[in-house]
Each structure stands twice: as structure tokens, then as C-alpha cells.
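Enquirer: Pasting the sequence and the predicted model now:
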Amino acid sequence: MEKGKLMKTPFYETHKELNAKMVEFAGFEMPLQYEGVLKEVLHTRRSLSIFDVSHMGEIEIRGDKAEEFLSFITSNDPAKLTYGKVQYTVLLTDKGTCVDDLLVYKMKDSFLCVVNAVNRFKDFEYMKKIGEDFKVEVLDKSDDIFQIAVQGPRSQPFMEEFFDMSFSHVKFYNFIELDFYDEKLLISRTGYTGEDGFEIYGDKDFAIDLMDKILKKGAKFNMKPAGLGARDILRLEMGYPLYGNELTEEITPCEAGLERFVKIYKEKFLGKEILKKQIEGGAKRRLIGLISDEIKGVPRKGHKVFCEGENIGEVTSGAYSPFLEKNIALCYVRAEFASANEFEVEIRNKKIKFKKESLPFVKNTSLKR
Amino acid sequence: MHIPEDLKYTKEHEWVKIEGEVATVGITDFAQSELSDIVYIEPPTVGQEVIQFEPCGTIEAVKTVADLYSPLSGEVIEVNEELESEPGLINNDPYGLGWIFKIRIKDPEEIKNLLSPDDYKKHIGE
């Protein structure tokens, strides 16, 4: 597909039929909501939702040195992967900051990287350029693949009935490949909601047909469509970072609280010295979670954060959490304030009291790690 | 979009119901739909003097925040206190339970500055 033109996923007509309110997101026309953002958040936490996430990019890495290449450009260790495993990782600049965050799927003879829609072209060019040194093939498969996410506590019973097989052996961050109506599907137990769930990838020509089948069967499980609005609040309730907010090319994974995905023991990778120093001596700023009972305005990206009267940071994502019925925010604060408990967020010229909260904000979900 | 015939409208998507010297104000079905789920509303306070077409409050929705404008000048005589705990009433029933505030109209001449239902329909491109 061309750059610059507004793109559509294979499910565009489905969204229209389901009365979605469409918005532009990362160059795509995507559903913001169907029945309402807050309802869709609660429905996902309590029952079962289906999300079109076909805007996500898929980049395949092939070649003898594919693993070595990925080990060099990402923070996590792909050598740990065997066929059927998925890994969350960060694509790094040579300064140790985030080009993107992504999932790496270890296929039989390649790696499949699932990247953010907004970074798809950037990541592809970046990987291709560095890939030359490793003589790996970097292929953008994004236009050929659909992706849907089935999320919520009723995911497994739904999947088992729909595919007529057990999914209990497919553990969190594992995937299987199967044939369904002569079409190849890849199904991983992953998601961005904090609930149990699955992400299904397949050839886009099969997309509509599969979606129709899923919605038909889904009705029995009270499955409802959910949009990007709900997806954003669900991920924020879990403290998951969003590229462009918590992660940018100015921020390292260590600052973002992603140290466990930075494998400092690896011999050589981009930004290693900087990340090593940050892990040893701590980073200058830290990502923390804030929560407030006072629903007077909603904390939003860019709002200033105060501690003891001093402006010590800013909000990167904020929302009203319908599940907690509280306002929540992720923000970067100067490291020396990261252990404080009392903060204020300036929301439209008013300082509202917030308390630090450990992440995830929503605890005890259906997700079994 | 639902646009009741017995109301007047503003370009900023408020509706106003005029009964004698009292005007009841809310936001339109179109406005609540554009805003999506409303999570907090800061209406003007009782006794406050509001001025036609000037901001007098804020509406916070899931994705965005919007100013609330007064369709007419006057003194605020009542605000819908239900909205404090249930701002979603504006989404569910924008012309009924979701009313926001009432004013005592200062200058009836200002009424002619408001949009008719047909004008408002055109304004939102229907």
C-alpha cells in the first residue's frame, strides 16, 4: 500500500455494518468505538470482545543470521525462543532508545515481527538497512495479513468451541499454526488488554469469511466488537506502554520500566553501554503510575506532574478507568521522585491530588501468566 | 441524529429550551456522539452570570475535552446535580435527563441569534 493515503483493514465494511465510529489512526481508518468506549472496556474485562488489529505491521526476517541480527537490534534475547514461542522486545537505536516495541514470533525457518502500525514503514527501512550487514532478508508482509484479537475471560471457551479443539496447551506467549477451512492461521495467546486472549493472524483474503464465522459463533458467548478507544484504556489499566506516548526515540526501555526485557548479558547489541549504565546506576527518569479518586477532569498526555510543589514530570497517558472508577495516568518523573507517594497533576489549571500506584492498575485479571 | 423541533440551537452544539424567562441548556445528540463517553462535567455555578456564546463550563469525554458555551446571557438559576455522579446521562438522554443548566434570560432579543432546528441540521451537514 502507498504511504500518505488513508488505509483500510479488510474489516472496513464489517465496522460500518456494526455502526462503528471511525477515526484515523496511524494512517488507517479504524473503529474508535461501537456502543461506547467505557462499555467496551467493561465488557472485555467481564466477558468477551473482538478487536480488529489488522493495522499492526508484520515484518518477516529470514536468513542464516536472522537470530544474530535480531539479537543485535532488539533488547531481548531471541536465542531463548524455540518454534511456537513469542517474545516481547524493543527495537533499539544505537543510543539505546526505542525505535518501536514489538512481538517476535519464532517460526520454523524465520522470525515474524509484529510492529506498531505507526512505525511500520520506519521499522522496515531501519531493519532493512542494518539487515544488509547481516545478509538477512527483511520482508514487509503487512498488506497480506489480517490480525484480530479475541480478548476477555471467556476467550478460551469460545476458541475451543469455535475451532473444535483444546487450547489449554497454548500457554501465554505461545502460538500454534493450524489449517482452518483450508486456510493457514497463526494463533497466539497474546493481547494488549490484560485479559486472557488470543490473537489470530491469517491471509487477508480469508479475513471477512473468518470474521463472519467468529461473530456468528461469538453471539452464543456474548462476544461484542470493541474499538481502539477501549483498547487504549484497557492497556493503560494494565500499565502497558504505548509507542508514541511512553516509548519514543528519546526514551530507553530502562526508563520505561522494561528492564526485564533488556538482556544485558548479550555480548553485543545496540545501545548496550548506555542501557548497562542505566541498569546499574538507575535512569534519570522513571515511568510511574498515578491514581486519583477525584474525577475532576481527566489526566491527559502532556499534563504537568508536581511533587512537593515542584514540576517534576509529565503525564504520557491518562484516562478515566471505568473498571476502577478512578482516574489513572502513566507519567515520567525525575528518578529521585519515583519513590514518593503523593503527587499532583495539573489538569486545566487545577492541581488535582494523585497517589502513586504499582502497576498494573487493574490486578487479578483473567490473564494467567 | 435527533434534533427536536421545539428547541433552539447554537453553532457550538448546545440546545436551549425557552419557557417564559427561563432557558434550559444542554448539548445536542450530535455533540454527545462526537464527544463519545462523557466522564466529567464542570457546569457553571448557580448565581453565575453567563454571556451569550461565551464559555461557561467544560465537558470531559473519554477522548477529548470541550468547552460548554452559554446560548444566552443571564443568571444561572439551577444546574443538573445528577450529572456530577452520572455524566453519562448526557450520552443516554441528551435532551432529557442530560440537561445541564438553567438560566434566567437577561435579554430576549438574543434569542434571534440562535439557530432553528433546520439551520442546525444544515450546520452539522445533515
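Expert: Alright, I've got the coordinates. Residues are numbered from 1 along each chain as shown, chains lettered A, B, ... in the order given.
Enquirer: Give me the pLDDT value at the residue of chain B at minimum distance from chain A.
Expert: With CB to the nearest CB, the shortest gap between chain B and chain A falls at residue B:39, namely 4.1 Å. Any C-beta I mention is one placed from the backbone N, CA and C, and that applies to glycine too. For residue B:39, the model assigns a pLDDT of 94.
Enquirer: Spell out which parts of chain A neighbour chain B.
Expert: Contact residues, chain A versus chain B (CB under 8 Å from any CB of the partner chain): A:21, A:32-33, A:36-39, A:229, A:233, A:295-298, A:300, A:319-320, A:348.
Enquirer: The residue of chain B closest to chain A: which element?
Expert: Assigned by DSSP states H and E, residue B:39 falls within strand B:38-42.
Enquirer: follow-up on the earlier one: filter the residues of chain A next to chain B to the buried ones?
Expert: A:21, A:32-33, A:36-39, A:229, A:233, A:295, A:297-298, A:300, A:319-320 (16 or more other CB atoms under 10 Å in any protein chain shown).
Enquirer: tell me the SS of the residue minimising distance to the centre of chain A?
Expert: In chain A, the residue lying closest to the centroid (CA atoms, centre = their mean) is residue A:192, at 5.0 Å. For residue A:192, the assignment made with DSSP: H, G, I helix; E, B strand; the rest coil gives coil.
Enquirer: Does the nearest residue to it once chain neighbours are set aside lie in a helix or a strand, and which?
Expert: Excluding its sequence neighbours, the residue lying closest to residue A:192 (CB to CB, 6 or more residues apart in numbering or on different chains) is residue A:235, at 4.9 Å. Using DSSP H and E, residue A:235 maps to helix A:228-237.
Enquirer: Quickly list the domain ranges of chain A.
Expert: A:7-56+A:143-236, A:284-360 (automatic domain parsing).
Enquirer: Spell out which parts of chain B neighbour chain A.
Expert: Residues of chain B lying near chain A (CB under 8 Å from any CB): B:33, B:36-37, B:39-40, B:42, B:58, B:60, B:62-63, B:65, B:88, B:91.
Enquirer: By pLDDT, give me the weakest of those residues.
Expert: When these are compared, residue B:63 shows the smallest pLDDT, 87.
Enquirer: Residue 45: what's it in contact with?
Expert: In the absence of a named chain, this looks at chain A. Contacts for residue A:45 (CB atoms under 8 Å, 6 or more residues apart in numbering or on different chains) come out as A:152-153, A:195, A:234, A:323, A:362, A:365.
Enquirer: if you could check chain B rather than the one you did, that'd help
Expert: Applying CB under 8 Å, 6+ apart, the residues near residue B:45 are B:76, B:79.
Enquirer: where exactly do the strands run in chain B?
Expert: Ranges of strands within chain B are B:8-9, B:14-19, B:22-27, B:38-42, B:49-50, B:55-61, B:65-69, B:74-79, B:101-105, based on DSSP state E.
Enquirer: in the sheet, who's paired with the most centrally placed residue in chain B?
Expert: For chain B, residue B:26 is the residue whose C-alpha lies nearest the centre (CA atoms, centre = their mean; 2.6 Å). Listed by DSSP bridges, the beta-bridge partners for residue B:26 are residue B:15.
Enquirer: Just to check, it is in contact with residue B:91?
Expert: No. Using CB atoms under 8 Å, residue B:26 makes no contact with residue B:91, being 11.6 Å away.
Enquirer: Common neighbours of the two, please.
Expert: residue B:98.
Enquirer: got the contact list for residue A:346?
Expert: Residue A:346 sits in contact with A:303-306, A:352, where contact means CB under 8 Å, 6+ apart.
Enquirer: and these, which are buried?
Expert: Using 16+ other CB under 10 Å, the buried ones in the contacts of residue A:346 are A:303, A:305-306, A:352.
Enquirer: Which members of the buried ones among the residues of chain A next to chain B occur in strands, if any?
Expert: Per DSSP E, the subset of those in strands is A:21, A:32-33, A:319-320.
Enquirer: Would you reformat the residues you listed as TSV and include distance to residue A:72 and pLDDT?
Expert: Formatted as TSV, these follow (distance: CB to CB, whole Å; pLDDT from 0 to 100):
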residue	distance to residue A:72	pLDDT
A:21	42	94
A:32	38	96
A:33	41	96
A:319	36	97
A:320	42	96
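Enquirer: Residue A:89: which of those residues is nearest?
Expert: For these, the closest approach to residue A:89 (CB to CB) belongs to residue A:319, at 26.0 Å.
Enquirer: ok so, going back, may I ask which two of the residues of chain B next to chain A are separated the most?
Expert: B:33 and B:42 (20.6 Å).
Enquirer: out of these two, which sits in the busier spot?
Expert: Set residue B:33 next to residue B:42 and count neighbours by other CB atoms under 10 Å in any protein chain shown: residue B:42 wins out with 18 against 13.
Enquirer: these two touch, right, that one and residue B:58?
Expert: Yes. Counting by CB under 8 Å, residue B:42 touches residue B:58, with 4.6 Å between them.
Enquirer: Need the overlap of contacts for these two.
Expert: A:297, B:68.
Enquirer: Tell me where chain A has helices.
Expert: A:12-17, A:37-46, A:66-73, A:120-134, A:155-163, A:207-218, A:228-237, A:272-281 (DSSP state H).
Enquirer: Show me which of those helices has the highest average neighbour count.
Expert: helix A:228-237 (a mean of 26; mean count of other CB atoms under 10 Å in any protein chain shown).
Enquirer: CA atoms only for that one, dumped as PDB, please.
Expert: Output in PDB follows, covering the C-alpha atoms of helix A:228-237 (Å, rounded to 0.1, in the frame of the first residue of the first chain):
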ATOM      1  CA  LEU A 228      -9.400   1.400  19.600                       C
ATOM      2  CA  GLY A 229     -10.800   3.600  22.400                       C
ATOM      3  CA  ALA A 230     -11.400   0.600  24.600                       C
ATOM      4  CA  ARG A 231      -8.100  -0.900  23.600                       C
ATOM      5  CA  ASP A 232      -6.200   2.200  24.800                       C
ATOM      6  CA  ILE A 233      -7.900   2.300  28.200                       C
ATOM      7  CA  LEU A 234      -7.500  -1.500  28.700                       C
ATOM      8  CA  ARG A 235      -3.800  -1.300  28.000                       C
ATOM      9  CA  LEU A 236      -3.400   1.700  30.200                       C
ATOM     10  CA  GLU A 237      -5.300   0.000  33.100                       C
END
